[in-house]
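[1] for reference, the sequence and a predicted model appear below.
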Amino acid sequence: MSTDFAKTTLEILKLAPRYLVSLGIVAALFLFLPDKTLKSFGVYDFVQSYRGYFFCVFVLTSVLFCVDRAIAFVAWIRHKILASEFAERRLKRLQRLTENEKQILRYYFAKQTRSNVLRIDDGVVNSLAADGVIFQSANVSGGPGLAFAHNIHEDVWNYILLNPQLLDGTTNTYRSDAWRF
């Protein structure tokens, strides 16, 4: 008997917030509607008999909904903090570019495009992608073998536009792995 109660309690706690809100609203209506309205619906005696249960349901759903919203708010704040830290690390990463990485990034600015076809089996490309400087934007190869479209992140594009000296290096070449016809 007690395992069934525990199982039922756990299932109630797993309910999505929209169900908790619905259940809470129904309980609140039964608790706070005027007696005249409850009588007109024919539920006055029912509500009076189970008023304590409706109160418990109302309190429980209110608490669970508030906890759910608090968890969602904390998760949202955490996501914003992590995204901000990642963006900051990405921009700091631009201060430490190798010549091969600069060649890949020069292509975007030389061609004034946000997309470049690069090989995904290349360590330089993977390093830039892992650090969030570029990202694979297509799953269909646009070049020889394992070459796929990679886009430059918007904040990286803007940062390099403001700081073009970041792409100064030992060469002035740029790189793309796209098919050349």
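    Here it is on my side, so go on. Numbering: from 1, shown residues only.
[2] can you report how many residues neighbour residue 78?
    Residue 78 has 10 neighbours, counted by other Cβ atoms under 10 Å. Yep, even glycine has a C-beta here, placed from its N, CA and C like the rest.
[3] residues contacting residue 126?
    Listed by Cβ atoms under 8 Å, 6 or more residues apart in numbering, the contact set of residue 126 reads residue 120.
[4] which element is it on?
    Take DSSP states H and E as the rule and residue 126 turns out to sit in helix 123-130.
[5] show me what whatever helix or strand comes next after that helix is packed against.
    Following helix 123-130 in sequence order, the next helix or strand is strand 134-141 (DSSP H and E). The contact analysis (3 or more Cβ pairs under 8 Å, 6 or more residues apart in numbering; DSSP states H and E) places strand 134-141 against strand 115-119, helix 123-130, strand 147-152.
[6] for residue 33, see how far away residue 39 is.
    From residue 39 across to residue 33, the span is 10 Å (Cβ to Cβ, to the nearest Å).
[7] out of these two, which sits in the more crowded spot?
    The residue with more neighbours, out of residue 39 and residue 33, is residue 33; 16 against 13, by other Cβ under 10 Å.
[8] follow-up on the earlier one: the helix holding residue 126 to strand 134-141, inter-axis angle?
    120 degrees (axes from the mean of the first three to the mean of the last three Cα atoms, to 10 degrees).
[9] begin at 26 from here
    Got it, the first residue is 26 from now on, which makes the last one we talked about helix 148-155.
[10] so how far is helix 148-155 off the chain centroid?
    Computed by Cα atoms, centre = their mean, to the nearest Å, the chain-centroid distance of helix 148-155 equals 22 Å.
[11] report the mean confidence score over that helix.
    Mean pLDDT, helix 148-155: 94.
[12] go ahead and flag the most central residue of the protein.
    Central residue of the chain (Cα atoms, centre = their mean): residue 104, 7.3 Å from the mean position.
[13] roughly how far does it sit from residue 97?
    Going from residue 104 to residue 97 by Cβ to Cβ gives 10 Å.
[14] likewise residue 117?
    Distance, residue 117 to residue 97, by Cβ to Cβ: 31 Å.
[15] what does residue 180 give?
    Residue 180 is 26 Å from residue 97, where distance means Cβ to Cβ.
[16] just residue 143 next, same as before
    The spacing between residue 143 and residue 97, counted by Cβ to Cβ, is 38 Å.
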